[in-house]
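J.: sequence and predicted structure below; questions after.
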Amino acid sequence: MSSDELLDVEKVAEELGVHVDTVRKWIREKQLRAVKLGRRGGYRIRRSDLDAFLRKRETIQDSDDNP
């Protein structure tokens, strides 16, 4: 898979096992980078941005588990 691959919100939600509204919330809160396509085109997330988001959350979780 290319790091430039663009994923839609539904695909990201499916891969992570979360609701699409959760993915949109992460985008609104600027936790997950996304590209907005037009007024009704929705968001697309680069695979590399999703990977970076997951690495950051993994680091946060590891820090929380080890006081």
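T.: Great, that's in hand. These numbers come from a predicted model, not from an experiment.
J.: mind listing what the closest residue to residue 16 other than its chain neighbours touches?
T.: Spatial nearest neighbour of residue 16, excluding adjacent residues (C-beta to C-beta, 6 or more residues apart in numbering): residue 23 at 7.4 Å. To be clear about C-beta, it is placed using only N, CA and C from the backbone, and glycine gets the same treatment. Residues near residue 23 by C-beta atoms under 8 Å, 6 or more residues apart in numbering: 9, 12, 13, 16, 32, 45.
J.: quick one: which of the residues you listed is the most crowded by neighbours?
T.: residue 12 (25 neighbours; other C-beta atoms under 10 Å).
J.: which strands or helices does the one helix or strand that one maps to pack on?
T.: Residue 12 belongs to helix 9-16 when elements are defined using DSSP states H and E. When contacts are defined as 3 or more C-beta pairs under 8 Å, 6 or more residues apart in numbering; DSSP states H and E, helix 9-16 sits against helix 20-28, strand 43-46.
J.: residue 53 is nearest to which of those?
T.: helix 20-28 (7.3 Å; C-beta to C-beta).
J.: report the distance from that closest one to the chain centre.
T.: Taking the mean of its C-alpha atoms, helix 20-28 sits 8 Å from the chain's own mean (C-alpha atoms, centre = their mean, to the nearest Å).
J.: tell me the average confidence for that helix?
T.: Averaged across helix 20-28, the pLDDT comes to 97.
J.: what sits closest to residue 36 if chain neighbours are left out?
T.: Using C-beta to C-beta, 6+ apart, the closest residue to residue 36 is residue 43 (5.8 Å).
J.: what residues of stretch 26-37 count as buried?
T.: 26, 27, 32, 34 (16 or more other C-beta atoms under 10 Å).
J.: contacts for it next, please.
T.: Contacts for stretch 26-37 (C-beta under 8 Å, 6+ apart): 6, 9, 12, 23, 42-46, 49-50, 52-53.
J.: dump these to CSV, plus distance to residue 59.
T.: What follows is the contacts of stretch 26-37, written out as CSV (distance: C-beta to C-beta, whole Å):
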residue, distance to residue 59
6, 25
9, 24
12, 19
23, 20
42, 29
43, 24
44, 25
45, 19
46, 20
49, 16
50, 15
52, 11
53, 11
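J.: cool, thanks, signing off.
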